[in-house]
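Novice: Predicted model and sequence follow; I will ask about them next.
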Amino acid sequence: MHAPNATTPSAALAGTPLARAGAGLDLCVHCGFCLQACPTYLALDDENDSPRGRLVLMRGLLQGDLQLTDESVTTHFDRCLGCRGCETACPSGVPYGTLIEATRATLAQRRPLPAVARFLLRVFRHPRLLTLALAVARAARWTGVPALLARLPRDVSFPFAMLESTRGRDAKPSYAPAAVAEGPRVALLTGCVMEGLCATTNRATERVLAHNGYQLVDAPGQRCCGALHAHAGDVPAAQELARANIAAFERSGADFVVTNAAGCGSILKEYEHLLADDPAWRERAKGIAARSRDVSELLAARGPRRGGPVHATVAWDAPCHLQHAQRVVQPPLAVLGAIPGLRVVPLVDSDQCCGSAGIYNLVEPDTSHRVLDTKLARIDASGADLVVSSNPGCLMQLGAGLLSGGHRARAVHLVDLLDASYAAEAGPHAT
């Protein structure tokens, strides 16, 4: 006999991803601690748009009380940012991230994704399309047109403001990293948006790692990490991309796979789960997941080495998939602590999502902007000159919001700040 609240999948959902993950629902004790950790609940004031409410809806689907074709139900799953802040707040260990992805994968079997989502996921899945799209974006940025369009009302200007926000990360290197005789071998996941629009941050990542005693090795054959596809419910595409990356990093012979994008790092560490049902790849995925590290983790493990002074007031805004999914909290603060001259000020609700969430800000712009507005108000109140993060989506979301709203602060990647500190240490004549 089942417990009163146990989940019994209906015949219609038997064998679906949600049915396979459904046992996680039974861990929820309905305490409500997740409510104040959920940005969509705080923005929309609807418990159906909270983790607890969505868990109830998932149970209803599994038990056959609700239907996958009911848009009044599925819209609440679409609105979820997937930030996983609820997991940090949950005292019962409910695997919400696994459950929401399983729900979306189940929905994807019965209904098509929105056209914008299908287009973007297709681009990120195919290297030639992605290369072309990013080249067009860089060319558009070079023309200055996005800067002009960013001045239009936010409903139409925001994508252009996001692109324009990447322009500020074009600093030239002005120091040579310390020579490395020996040290751990690391391969950088260059990423899609990072290499396509923020390549200078990738080069800064390579410099600061070398400066802290790591040896960089190449990993040709990399693809998109698959995070966007997994979060949207396109599991087959995410698995295809994961296999390509696993093979590439195995060939590299690296001791560690390093990421400077929190969302990418999160999915790398979850490759074992993503390929759990594939006996040919499960152990290989486990090996890569175990060797994956956020750049701040590797830097903190070696110190990090202190640099020269950077005089600025900064606030750290933790990417959700760094703090809540990877549970990496202290290493970024250690990196900031290695930069003399910084005045680090607290940012209220720094653990709350900014509203980016991969492609969420393009497919759910209204809710995304409501969440962002709260974040921008917190940044203004902090008095920070720079808001520091370590995920390209977050930096573009924050950068666009700050730019289009005429705010004083600007967004910067954690690694770029440390890179600037090492350049300051080297002096004005370094090369």
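Specialist: Looks like it came in fine.
Novice: Can you pull out the low-pLDDT segments for the chain?
Specialist: Along the chain, the parts satisfying pLDDT under 70 run over 1-7, 11, 168-173, 428-431.
Novice: How is it partitioned into domains?
Specialist: Domain ranges of the chain: 11-110, 306-426, per automatic domain parsing.
Novice: Do a quick rundown of the strands in the stretch 101-250 of the chain.
Specialist: Here the stretch 101-250 of the chain has its strands, by DSSP state E, counting those that start in this stretch, at 185-188, 215-217.
Novice: Can you check which of the domains of the chain gets nearest to Gly144?
Specialist: Proximity to Gly144 (CB to CB) singles out domain 306-426 among those, at 13.7 Å. Heads up, the C-betas are built off the backbone N, CA and C, glycines and all.
Novice: Ends of the closest one, what's the gap?
Specialist: Using CA to CA, to the nearest Å, one end of domain 306-426 lies 12 Å from the other.
Novice: again, but for stretch 273-290
Specialist: Length of stretch 273-290, first residue to last, CA to CA: 12 Å.
Novice: Kindly report the same for stretch 30-44.
Specialist: With CA to CA as the measure, stretch 30-44 spans 20 Å from end to end.
Novice: any idea how far that stretch is from the chain center?
Specialist: 20 Å (CA atoms, centre = their mean, to the nearest Å).
Novice: contact partners of it?
Specialist: Outside stretch 30-44, the residues within contact range by CB atoms under 8 Å, 6 or more residues apart in numbering are 47, 49-53, 79-81, 83, 85-86, 88-92, 96, 351-353, 355, 367, 370-371, 374.
Novice: Sort out which residues of that stretch are buried, please.
Specialist: Neighbour-count burial for stretch 30-44, counted by 16 or more other CB atoms under 10 Å, picks out 34-35, 37-44.
Novice: what do you get for stretch 419-427?
Specialist: Judged by neighbour count (16+ other CB under 10 Å), stretch 419-427 contains these buried residues: 419-426.
Novice: same check, this time on stretch 215-235
Specialist: When neighbours are counted by 16+ other CB under 10 Å, the buried residues of stretch 215-235 are found to be 216, 219, 222-235.
Novice: Looking at those, spot the one nearest Glu283.
Specialist: Nearest to Glu283 among the buried residues of stretch 215-235, counting by CB to CB, is Gly226 at 18.4 Å.
Novice: so that closest one sits right up against Ser266, yeah?
Specialist: No. Applying CB atoms under 8 Å, one finds Gly226 not in contact with Ser266, separated by 10.9 Å.
Novice: what about Pro309, which helix or strand?
Specialist: For Pro309, there is no host helix or strand (DSSP states H and E).
Novice: Identify the residues contacting it.
Specialist: 339-341, 421, 424.
Novice: Check Thr190 too.
Specialist: Residues counted as contacts of Thr190 (CB under 8 Å, 6+ apart) are 202, 222.
Novice: Need the phi and psi values for it.
Specialist: Thr190 adopts backbone torsions of phi -70, psi -30, taken as degrees, to the nearest 10.
Novice: Please look at Ala420 and His311 and confirm they touch.
Specialist: No. Contact criterion CB under 8 Å: Ala420 and His311 do not qualify, at 10.9 Å.
Novice: that older thread, Asp385: which of the buried residues of stretch 30-44 is nearest?
Specialist: The nearest member of the buried residues of stretch 30-44 to Asp385, counting by CB to CB, is Pro39 at 24.9 Å.
Novice: how close does that closest one get to Met194?
Specialist: Applying CB to CB, to the nearest Å, the value for Pro39 to Met194 is 24 Å.
Novice: So the residue most central in space within the chain: helix, strand or coil?
Specialist: The chain has Gly263 as the residue nearest its centroid, 2.6 Å off, counting by CA atoms, centre = their mean. The three-state label given to Gly263 by DSSP: H, G, I helix; E, B strand; the rest coil is helix.
Novice: so who does it touch?
Specialist: Contacts of Gly263 by CB under 8 Å, 6+ apart are 225, 227, 319, 321, 358, 391, 393.
Novice: Distance of it relative to Tyr271?
Specialist: 14 Å.
Novice: and if you look at Ala426?
Specialist: Going from Ala426 to Tyr271 by CB to CB gives 38 Å.
Novice: And for stretch 371-379, what's in contact with it?
Specialist: 39-40, 42-43, 81, 315, 317, 347-350, 352-355, 361, 387, 397-398, 401-402, 405, 407, 409.
Novice: Perfect, that will be all.
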